[in-house]
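In: Here is my input, please return the structure:
(one chain, ligands or ions: 1)
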Amino acid sequence: MNNEYQSVQRKIKKLLIIADMSSKKNLTLTLLIAFLILTTTAVYGQQMIFSHQDSLRGSITKERAWWDLSYYHLDITINPTDSSLKGQNTISYKVLVPFQIMQIDLQQPMNIDKVTQNGKLLSFVRDGNAYFIEIADKQSINDFNEIVIDFSGKPLVSQNPPWSGGLSWKKDENHKPFIVTTCQGDGASLWWPCKDHQYDEPDSMLITATVPENLKVVSNGRLQNVKQNTDHTNTFTWFVSNPINNYCVNLNVADYVHFGEIYQGEDGPLDCDYYVLSYNLEKAKLHFREVPRMLEALEYWFGPYPFYKDSYKLVEVPYPGMEHQSSVTYGNDYKNGYKQTDESNTGWGMKFDFIIVHESAHEWFGNSITTKDIADMWVHEAFGAYSESLFLNYHFGKQACSEYVTGTRAKIRNDRPIIGPYDVNTAGSHDMYYKGANMLHTLRQIMNDDEKFRGMIRGLSKTFYHQTVTTQQIEDYISTYAGLDLTPFFNQYLRDTRIPVFEFQSNKNILKYRWGNCVNDFNLPIKIEVNNNTLWVYPTTEWKEMNFIKGSKIATDINFYVQQKDLSKLN
Ligand SMILES: [Zn+2]
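Out: The predicted structure is shown next:
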């Protein structure tokens, strides 16, 4: 996804839940306090409040840790006439540590109606958006068991998809229903019951969706069959044969038409399927020629597309787009740029369709490699954002890449660290996008070998293929691969908000230089222009000296995301 989480909006929702739980008499007071806290949070940005519900949602609780998710069968009926959902989720799991209480998440106003195991009804208690189910049968280590959850309700309606989660019940230009789900950040448990935490993914998933007979359902993976029912509905069965994270599970319901092609990629023939509204078919056929160009560039930099078995899809939706696994959703008006604007303000952003490139890049970083905690989401978004520059690099050359990525610096805020707080389902700063991309671009400069840098990204794709990871694993991999201790580098760009400053002082024939405004052990090597030459220097936070030709220009290479300051003028 390309935008920040609407954290303030989300907090309003949380506080409304808290307000809802307090007595009616105190409602006004609670809302007033909530408003004051939110104003403070919104204005100062740094202050964050977390609730018991945030911990239930964001941490690996004891009730989650004892079982390993192996399979979901989500069977769901969508009723456009009253905007309701009804269904059943069968969850298969392996017992890691015997325990009898299982946490399953489903957010208000959706409800779990019934839970069964081996035909026996199970009891449960609800704590806000978490359900604690008491398993009756003894759970023994390494057993594979199954639990069946019946649920129903009218899910939250998304106010601003994809940045606020929920269902969107729209109409297309022919006044036919156009229904889609979005839930990154807010969580899949907005609309179906699941283990709603990124650390654990099912090995595969079956999605069965029933809709009125004039509509089609496009979900993740491969369409297995379509069954006509006697009540004027059709049931679509989609199968995902790879691990999938919860927020990528999506349903798109519309009067879709289909076309497709086969792309000859690194791992052989890749089925590319496109689902668009009937009246956009001709436009889509022309515009989606971007897909093979995207696949060519991204496979070059990132390695083989990670879901050949499940195919690649673009699915039209009534919002800009989202990285749903093997089912990238598209709503960028069949035009280049991002909603016809250039993220970099250099002109290069109009040379490609932002949604097709950025959201598809998440198939590698986000879907194949998923962070366990969304605090570490830079792993998705920094590579997602840098993919835009790498696409340009592949098709238009290195200068285009450099101009685009440095152009996006105008969007960097340096308001909060890129890594967010752990265990409370909260992402870090929006800077995970373009500061993240500029950090990777700076890393590429230090490595000073594009083939080596490309090998590093492809190595990440291969090493952490279809896994959930922590930032530490990614940082360690990169340090080892580069043969450098990049701990201060990552601490600077991921855990601090300061931009390092190359400070220098010239005095006759001597130039003194060091890093300022940085973490203690910051030691980034950098290319500078000095003495009418370009050379590498190795500053630390202590002053170093070099010979200097008086009057010569001193400038840091623009490809490094740093600032520079001439302290001699202050003397
Ligand atoms: Zn993104």
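
In: contacting residues for the residue lying closest to Tyr338 once chain neighbours are set aside?
Out: If the residues on either side of it in the chain are set aside, Tyr338 comes closest to Phe354, at 3.7 Å by C-beta to C-beta, 6 or more residues apart in numbering. Quick note: C-beta positions are derived from backbone N, CA and C, even for glycine. Listed by C-beta atoms under 8 Å, 6 or more residues apart in numbering, the contact partners of Phe354 are 2, 332, 336-338, 343, 388.

In: top of those by neighbour count?
Out: In terms of neighbours by other C-beta atoms under 10 Å, those top out with Glu388 at 27 neighbours.

In: Doesn't that one lie inside a helix?
Out: Yes: per DSSP: H, G, I helix; E, B strand; the rest coil, Glu388 lies within a helix segment.

In: dump the residue contacts of it.
Out: The neighbours of Glu388, taking C-beta under 8 Å, 6+ apart as the test, are 343, 349, 352, 354, 357-358, 361, 404, 437.

In: What subset of the residues you listed is buried?
Out: The neighbour-count test (16 or more other C-beta atoms under 10 Å) marks 343, 349, 352, 354, 357-358, 361, 404, 437 as buried among these.

In: Need those residues in TSV (columns: pLDDT, secondary structure and distance to Phe560).
Out: Below are these laid out as TSV (pLDDT from 0 to 100; DSSP: H, G, I helix; E, B strand; the rest coil; distance: C-beta to C-beta, whole Å):
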residue	pLDDT	secondary structure	distance to Phe560
Glu343	97	coil	20
Gly349	98	helix	22
Phe352	98	coil	25
Phe354	98	helix	25
Val357	98	helix	24
His358	98	helix	24
Ala361	98	helix	23
Tyr404	98	helix	16
Ala437	98	helix	13
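
In: Those into JSON lines, with extra columns for distance to the ion?
Out: Shown next, in JSON lines, are these (distance: C-beta to the ion, whole Å):
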{"residue": "Glu343", "distance to the ion": "12"}
{"residue": "Gly349", "distance to the ion": "15"}
{"residue": "Phe352", "distance to the ion": "15"}
{"residue": "Phe354", "distance to the ion": "10"}
{"residue": "Val357", "distance to the ion": "11"}
{"residue": "His358", "distance to the ion": "6"}
{"residue": "Ala361", "distance to the ion": "8"}
{"residue": "Tyr404", "distance to the ion": "16"}
{"residue": "Ala437", "distance to the ion": "11"}
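
In: Which single one of those is nearest to Leu156?
Out: Proximity of the buried ones among the contacts of Glu388 to Leu156 was ranked by C-beta to C-beta; the top entry is His358 with 25.8 Å.

In: contacting residues around that closest one?
Out: Counting by C-beta under 8 Å, 6+ apart, His358 touches 2, 321, 338, 384-385, 387-388.

In: likewise Pro304?
Out: Contacts of Pro304 were listed using C-beta under 8 Å, 6+ apart, and they are 265-267, 461.

In: Same question for Ala297.
Out: Shown in contact with Ala297 (C-beta under 8 Å, 6+ apart): 357, 390-391, 393-395.

In: Just name the closest of the residues you listed to Arg293, please.
Out: His395 (6.7 Å).

In: Doesn't the closest one lie inside a strand?
Out: No: under three-state DSSP, His395 sits outside any strand and is assigned helix.

In: Tell me which residue in the stretch 201-350 of the chain sits closest to the ion.
Out: Nearest residue of the stretch 201-350 of the chain to the ion, counting by C-beta to the ion: Glu323, 6.2 Å away.

In: cool, the chain as well?
Out: Closest point on the chain to the ion, by C-beta to the ion, is Gly384, at 3.9 Å.

In: any idea which helix or strand carries that residue?
Out: Using DSSP states H and E, Gly384 falls within helix 378-396.

In: Ok, His441 next?
Out: helix 434-447.

In: Let me know the angle separating that helix from helix 378-396.
Out: For helix 434-447 against helix 378-396, the angle by axes from the mean of the first three to the mean of the last three C-alpha atoms, to 10 degrees is 70 degrees.

In: packing partners for the helix or strand following helix 434-447?
Out: As assigned by DSSP H and E, the chain's next helix or strand after helix 434-447 is helix 450-463. On a contact count with 3 or more C-beta pairs under 8 Å, 6 or more residues apart in numbering; DSSP states H and E, helix 450-463 meets helix 290-302, helix 434-447, helix 471-482.

In: contacting residues around the last one?
Out: What that stands for is helix 471-482. Helix 471-482 has contacts (C-beta under 8 Å, 6+ apart) with 371, 376, 378-379, 419, 443, 446-447, 452, 455-456, 459-460, 463-464, 485-487, 490, 494.

In: Just the buried ones out of these, please.
Out: Among the contacts of helix 471-482, the ones that count as buried by 16+ other C-beta under 10 Å are 371, 376, 378-379, 419, 443, 446-447, 456, 460, 464, 486, 490, 494.

In: what residues are up against the residue of the chain positioned farthest from its centre?
Out: The C-alpha centroid of the chain is most remote from Lys508, which lies 51.7 Å away (C-alpha atoms, centre = their mean). By C-beta under 8 Å, 6+ apart, the residues touching Lys508 are 548, 550.
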